[in-house]
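J.: I need the structure of the sequence given here:
(one chain, ligands or ions: 1)
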Amino acid sequence: MAHFDENAKPFSHQWLNDRLAIDTLKRVLSTEYWIPKNINFLWAMGMVLAATFGILLISGIFLLMYYQPNTKLAFDSVNYTIMTEVGYGWLWRHIHGVGASVVFLIIYIHMFTGIYYGSYKRGRELIWLSGMLLFVLFSAEAFSGYMLPWGQMSYWAGMVITNLFSGGSLHADGLVEWIRGDYVPGQAFLGRFFMLHVLLMPLVIIGAIVFHFGTLRLPHVNNQDGEEIDFEESARLYKEGKKAESKVIPFNPVFLSKDVFVMGIYFIFFFYLVFYHFEFAMDPVNFDPANGLKTPTHIYPEWYFLWSYEILRPFPTDPGLIAFGFAQVIFFLLPFLDRSPNVAPASRRGAFKVWFWLLLIDMIVLTFMGKLPPQGIWSTIGLVAALLFFALWIALPIITKLEKKL
Ligand code: HEM
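T.: Residues are numbered from 1 along each chain as shown. Reported below is the predicted structural model:
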């Protein structure tokens with residue numbers, strides 16, 4: 001049995017320490033969790049993501065008080081009750097809508113920062129894999145949430161995406177009906193997507209975030225130069241007061257203050273969007289109630305899914321589905337496809353630098369093409385961009401294998 005201080009007052013620091021080891025916990029998770037000095041504001045994106053997720057949770061809880069998961073009531077509960085009758089309901093909806101869109105912008109910045117600096121290598125593979133798991137979970141969370149207002153885009157995007165599970169010429173129609181709970185999206189469909197969105201997905205996401213944080217603890221975060229830091233030695237120097245010689249700073253309070261500064265700037269931008277430009281996060285077609293008899297002329301997903309949608313679109317059904325499947329899993333394999341041992345910024349990695357910028361530009365082009373109707377020159381550009389996407393991933397192991405050791 002551990003030593004207990006019998007004289008400690010209930011709930012005093014000593015009393016809690018004897019029972020919960022709060023001093024040790026604080027050391028391990030904050031004051032002696034070492035962060036490299038040479039990192040820039042892009043390393044604050046992880047905390048920005050965590051904060052945005054928190055905002056999505058809180059705004060979602062307020063929306064949940066009035067939302068009705070019923071095909072006859074859902075549309076009005078969002079567009080009439082929440083938007084006009086509930087005090088500040090419009091504000092919570094705009095925060096939730098803008099948050100759902102902006103979280104993907106930050107996720108993409110966070111992912112491409114990791115790719116640029118090689119933060120998925122040498123002991124950091126699980127950080128990357130758990131990050132990709134979060135990407136898939138956030139995608140499922142966003143998709144299920146998009147169903148809830150039960151507007152035209154909710155209904156038809158739900159129809160198109162669930163149709164993907166028929167597997168083209170495999171005609172797995174039974175699987176599609178099983179997922180929908182009906183022949184077409186209806187009450188069973190809305191009910192299950194509601195459950196996924198407000199309960200199962202958020203629970204799994206919280207677990208995955210905790211796991212993602214756990215995977216960071218031993219390898220520590222990477223740094224701008226990909227330098228392999230002796231964390232023990234640097235931590236010792238820091239604790240001895242030789243801060244200038246040490247290459248690290250403690251997470252709390254030194255790095256956290258930087259994180260909070262970046263978050264402050266981010267929230268100015270975030271609330272500027274909420275108050276002045278929330279419409280970018282709301283599709284006008286979704287302000288028409290769902291109607292199974294009236295297909296919208298042009299069905300497209302939200303901006304953050306457009307690049308993978310455009311990879312599916314230029315091809316006939318079966319190759320299109322294979323291409324789409326490829327796009328969903330290929331990022332998971334990055335730590336194993338990059339064969340170079342160099343952990344360094346892309347700017348110092350020769351052919352990889354070209355690869356990185358081509359991939360980024362290609363995904364931006366795919367995103368724009370995904371929004372445009374698949375006609376004429378746009379569909380040709382979309383096809384070329386989709387083919388380039390595959391070519392880049394096939395080339396990756398070859399160019400990185402040939403890379404010179406730095
Ligand atoms: C969506 C929820 C996510 C949260 C809350 C989150 C949070 C964090 C935090 C706090 C860090 C440490 C600080 C930093 O480097 O920013 C981090 C690092 C990292 N995350 Fe995420 N992350 C998320 C998603 C992702 C995704 C989608 C990926 C990509 C697949 C990813 C890959 C990484 C990598 C590679 C690092 C290590 C960076 C380094 O060592 O320099 N994370 N994450």
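J.: When you work out contacts or count neighbours from here on, use the C-alpha atoms and nothing else.
T.: Noted.
J.: Do the lengthiest helix in the chain and the ligand come into contact?
T.: The helix that spans the most residues within the chain, counting by DSSP state H, is helix 89-117. Yes - using CA under 6 Å from any ligand atom, helix 89-117 comes into contact with the ligand via 107, 111, 114.
J.: Please enumerate the helices of the stretch 151-300 of the chain.
T.: 152-163, 173-180, 187-195, 201-217, 231-239, 256-276 (DSSP state H, counting those that start in this stretch).
J.: and for the third one, what are the contacting residues?
T.: Put plainly, it is helix 187-195. 69, 70, 71, 144, 145, 147, 148, 179, 180, 181, 182 (CA atoms under 8 Å, 6 or more residues apart in numbering).
J.: Among these, which one has the most neighbours?
T.: For the contacts of helix 187-195, the largest number of neighbours (other CA atoms under 10 Å) sits with residue 147, at 25 neighbours.
J.: Could I get the buried residue list for the helix or strand harbouring residue 50?
T.: Element membership of residue 50, judged by DSSP states H and E, is helix 45-64. Neighbour-count burial for helix 45-64 flags 45-46, 48-49, 52-53, 55-57, 59-60, 62-63 (criterion: 16 or more other CA atoms under 10 Å).
J.: same check, this time on stretch 299-319
T.: 300-304, 306-315.
J.: I'd like to check the angle between the longest helix of the chain and helix 256-276, please.
T.: Here helix 89-117 runs at an angle of 130 degrees relative to helix 256-276 (axes from the mean of the first three to the mean of the last three CA atoms, to 10 degrees).
J.: about what we covered before: highest mean neighbour count out of the helices of the stretch 151-300 of the chain?
T.: A comparison of the helices of the stretch 151-300 of the chain by mean neighbour count, using mean count of other CA atoms under 10 Å, puts helix 152-163 on top with a mean of 21.
J.: Let me see the contact set for the closest residue to residue 119 other than its chain neighbours.
T.: The shortest distance from residue 119 to any non-neighbouring residue, by CA to CA, 6 or more residues apart in numbering, is to residue 222 (5.7 Å). Each residue near residue 222 by CA under 8 Å, 6+ apart is listed here: 36, 117, 119.
J.: Tell me how many other residues crowd residue 227.
T.: Neighbours of residue 227 (other CA under 10 Å): 12.
J.: now swap in residue 109 and tell me
T.: 15.
J.: Residues of the stretch 101-250 of the chain that sit close to the ligand?
T.: 107, 111, 114, 119-120, 127-128, 131-132, 134-135, 209, 221-223.
J.: please redo it, this time with the cut-off set to 5 Å
T.: 111, 114, 119, 120, 128, 131, 132, 135, 221, 222 (CA under 5 Å from any ligand atom).
J.: farthest-separated two in the residues you listed?
T.: 135 and 222 (20.1 Å; CA to CA).
J.: how long is stretch 292-302 end to end?
T.: Using CA to CA, to the nearest Å, the end-to-end distance of stretch 292-302 comes out at 20 Å.
J.: quick check, distance from it to the centre of its chain.
T.: Offset of stretch 292-302 from its chain centre (CA atoms, centre = their mean, to the nearest Å): 26 Å.
J.: neighbouring contacts of it?
T.: The contact list for stretch 292-302 (CA under 8 Å, 6+ apart) reads 152, 153, 155, 156, 157, 306, 309, 370, 371, 373.
J.: now stretch 259-268
T.: Taking CA under 8 Å, 6+ apart as the rule, stretch 259-268 contacts 41, 44, 47, 48.
J.: can you check stretch 81-97 too?
T.: Counting by CA under 8 Å, 6+ apart, 55-56, 59-60, 62-63, 66-67, 271, 274-275, 278, 281-282 sit against stretch 81-97.
J.: and stretch 369-382, what's its mean pLDDT?
T.: The average pLDDT within stretch 369-382 is 92.
J.: In the stretch 301-406 of the chain, what residue spans correspond to helices?
T.: 306-312, 317-329, 334-337, 351-371, 376-401.
J.: JSON lines for those, including distance to residue 231?
T.: What follows is the helices of the stretch 301-406 of the chain, written out as JSON lines (distance: least, CA to CA, whole Å):
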{"stretch": "helix 306-312", "distance to residue 231": "39"}
{"stretch": "helix 317-329", "distance to residue 231": "33"}
{"stretch": "helix 334-337", "distance to residue 231": "23"}
{"stretch": "helix 351-371", "distance to residue 231": "28"}
{"stretch": "helix 376-401", "distance to residue 231": "28"}
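J.: The ligand is nearest to which of the ones you listed?
T.: Among the helices of the stretch 301-406 of the chain, the nearest to the ligand by CA to the nearest ligand atom is helix 334-337 (9.3 Å).
J.: Do you know the pLDDT at the residue lying closest to residue 379 once chain neighbours are set aside?
T.: Once flanking residues are discounted, residue 379 sits nearest to residue 314: 6.8 Å by CA to CA, 6+ apart. On pLDDT, residue 314 comes in at 90.
J.: still on that earlier bit, who wins for proximity to residue 77 among the helices of the stretch 151-300 of the chain?
T.: With CA to CA, the closest approach to residue 77 among the helices of the stretch 151-300 of the chain belongs to helix 187-195: 13.9 Å.
J.: What angle do helix 201-217 and the closest one make with each other?
T.: Interaxial angle of helix 187-195 relative to helix 201-217 (the same axes, to 10 degrees): 40 degrees.
J.: got the angle between helix 187-195 and helix 173-180?
T.: 60 degrees.
J.: so residue 353 touches residue 346, yeah?
T.: Yes - the criterion here is CA atoms under 8 Å, and residue 353 meets it with residue 346 at 4.7 Å.
J.: Who has more neighbours out of the two?
T.: residue 346 (20 against 14).
J.: I figured that one was touching residue 119, is that so?
T.: No - using CA under 8 Å, residue 346 is not in contact with residue 119; the gap is 11.0 Å.
J.: and the residue nearest to residue 379, how far is that from the ligand?
T.: Here residue 314 is placed at a distance of 26 Å from the ligand (CA to the nearest ligand atom, to the nearest Å).
J.: what's near enough to touch that residue?
T.: By CA under 8 Å, 6+ apart, residue 314 lies in contact with 320, 374, 379, 382, 383.
J.: what's the closest of those to residue 239?
T.: residue 382 (55.4 Å).
J.: Leaving out sequence neighbours, find the closest residue to that closest one.
T.: residue 369 (5.7 Å).
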